[in-house]
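A.B. asks: structure of the sequence below:
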Amino acid sequence: MAAFLTFSMFAMLGNMIKRDHIDPLWEPEQETTIVQYGMLKNSKPGMHKLSEANYGPWKEHDEIVKPCSKKTLFKGKEQVNGYIFFSLTHGPEYHASQVANAVAVARYLGATLAIPDVRGTELGDKRNFEELYDVEKFTKTLTGVVRVEKTPPQEISKERLPIIKVPYMVSEEYISSNIKPIFKNKRRNLKIVTYFDNNSSPHDKIINRESDYQCLAMYESLKPQKELQELIDSMVGTLRSMSKKTNGRFVSVDLRVEMLTETSCSKLLESGGSNKRWCYNGEKIGEFLKKIGFQEDTTVYLTQTGWDTSLNALRNVFPNTFTKDAIMPADEKAKFTDAESRKTIDFYVCAQGDVFVPAYPSRFYEAVVGERIGLGKTQIFVPAEKDSDSATDYVSPYVANRSHFAHSCFC
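C.D. replies: Model (predicted):
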């Protein structure tokens, strides 16, 4: 009997060691935390579940979403001779909105949409669309919505076309009164430029009948070209392989040191107690992630290019902190050295991260949120000066209040 009891005790001890030390992710099923996001109204039970017991506030699974619009219901306008030209500028966070505007204008006028070029921030920095995005995906997505042409007649492309400034999320009323008269009187060829102001934000637009194809243009037409997509997938795979203790999950953070010196951040940081801090450096991001439950084994991806010593404070807390330069294969670095490609990489890695955290307010943050909503990845935490250490108190208002335009596009 004594020998049997001794054997039983060793067996129990072995199970305890196995669960607590060899497999640190093991946790009893009944300890799973179920969270409801404040004002978020959702009819799908069990969609928002976080497992906060050991390694941070991870969602158990992504939501399953699909586009609300039915492309087969689209009926194009009567086609006329004429082209709408435009360029993609200012980075991937602006590109989808620029496409949506161009599609809206071309569709309303019955004109043909020319494949855009891509412009960088430097004068003369210009590249073809296919160097960054998948042309076939673009044209196929917009088939039946608007006529798209890869190579407009050279004589038109070389013309000095009238340039029309168009507000973000342009309305049919605006096109009718401000663009159509010029289009009819100027040989039916125009170049449009979308302008953004402080009130131009993708979260505050209400869906309507004519927004269906804008959803299609914004969230389905633009995808990285094949080689770039393969690199992004490879980098995401590398991040997941380094995250074994968190079941392959990682946190992506939009943190570029140069952004902390921008005017918007400087004003917020200098405003004192009346306004809460909205710009967070590496040290503060580290404190925030630790505060809401992420453990030091968590893998963190930063949008920073290269490394800055000010980020050492973050790496001291989370040693598995990486930038694209650290995980991008050497041969790929030589191919994608330009700022546009690298920002596109950051955009899509942030979109695929299991958790996304913006270190400051920006259009990049807003655009990534829209992309993530379309992927069902709504685990987005916004740092704030609060006493609470519960991750659910920091869920992005775009998710908690369903206030982002993308919520109207996916069901």
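
A.B. asks: which strands or helices does the longest helix seen in the chain pack on?
C.D. replies: Taking DSSP state H as the criterion, the chain has its longest helix at helix 92-109. Here helix 92-109 touches strand 83-85, strand 87-88, strand 112-114, helix 180-185, strand 189-195, helix 212-219, helix 339-352, helix 363-375, going by 3 or more C-beta pairs under 8 Å, 6 or more residues apart in numbering; DSSP states H and E. C-beta coordinates here come from the backbone N, C-alpha and C atoms, glycine included.

A.B. asks: mind redoing it with 7 Å?
C.D. replies: strand 83-85, strand 112-114, strand 189-195, helix 212-219, helix 339-352, helix 363-375 (3 or more C-beta pairs under 7 Å, 6 or more residues apart in numbering; DSSP states H and E).

A.B. asks: can you pull the phi/psi pair for residue 302?
C.D. replies: Per-residue torsions, residue 302: phi -110, psi 150 (degrees, to the nearest 10).

A.B. asks: wouldn't it be in contact with residue 251 here?
C.D. replies: No - using C-beta atoms under 7 Å, residue 302 is not in contact with residue 251, being 9.7 Å away.

A.B. asks: check the gap between residue 90 and residue 119 for me.
C.D. replies: 8 Å (C-beta to C-beta, to the nearest Å).

A.B. asks: which residues do these two both contact?
C.D. replies: Common neighbours of residue 90 and residue 119, counting by C-beta atoms under 7 Å, 6 or more residues apart in numbering, are absent.

A.B. asks: for residue 147, grab the count of nearby residues.
C.D. replies: Around residue 147 sit 18 other residues, with neighbours defined as other C-beta atoms under 10 Å.

A.B. asks: leaving out the residues flanking it, which one is nearest to it?
C.D. replies: Leaving aside its sequence neighbours, residue 147 sits nearest to residue 112 (C-beta to C-beta, 6 or more residues apart in numbering; 4.6 Å).

A.B. asks: quickly list what that neighbour is bridged to.
C.D. replies: Applying DSSP bridges to residue 112 gives these bridge partners: residue 83, residue 147.

A.B. asks: OK, contacts around the residue nearest to residue 338 when sequence neighbours are not counted?
C.D. replies: Nearest non-adjacent residue to residue 338, counting by C-beta to C-beta, 6+ apart: residue 120, 6.9 Å away. Counting by C-beta under 7 Å, 6+ apart, residue 120 touches 338-340.

A.B. asks: for residue 357, same thing?
C.D. replies: 251, 253, 285, 381, 383.

A.B. asks: partner residues bridging it?
C.D. replies: residue 253.

A.B. asks: mind checking how far it is from residue 393?
C.D. replies: 14 Å.

A.B. asks: and if you look at residue 112?
C.D. replies: On the measure of C-beta to C-beta, residue 112 and residue 393 end up 50 Å apart.

A.B. asks: which one's more surrounded, these two?
C.D. replies: More neighbours surround residue 112 than the other of residue 112 and residue 393, with 21 against 15 (other C-beta under 10 Å).

A.B. asks: hey, which helix or strand in this protein has the poorest pLDDT?
C.D. replies: The weakest-scoring helix or strand in the chain, judged by mean pLDDT, DSSP states H and E, is strand 33-34 (a mean of 26).

A.B. asks: just give the nearest non-adjacent residue to the residue nearest the centre of the chain, would you?
C.D. replies: Geometric centre of the chain, nearest residue: residue 368, 1.8 Å, by C-alpha atoms, centre = their mean. Of all residues not flanking residue 368 in the chain, residue 350 sits nearest, at 4.8 Å (C-beta to C-beta, 6+ apart).

A.B. asks: what about the one you found, how many residues nearby?
C.D. replies: 27.

A.B. asks: state the pLDDT value of it.
C.D. replies: The model reports residue 350 with a pLDDT of 98.

A.B. asks: ok, it - contacts?
C.D. replies: 252, 254, 303, 356, 368.

A.B. asks: quick one: it from residue 358, how far?
C.D. replies: 9 Å.

A.B. asks: common neighbours of these two, please.
C.D. replies: Common neighbours of residue 350 and residue 358 (C-beta under 7 Å, 6+ apart) are residue 254.

A.B. asks: neighbour-wise, give me the winner out of the contacts of residue 120.
C.D. replies: Top of these by neighbour count (other C-beta under 10 Å): residue 340, with 22 neighbours.
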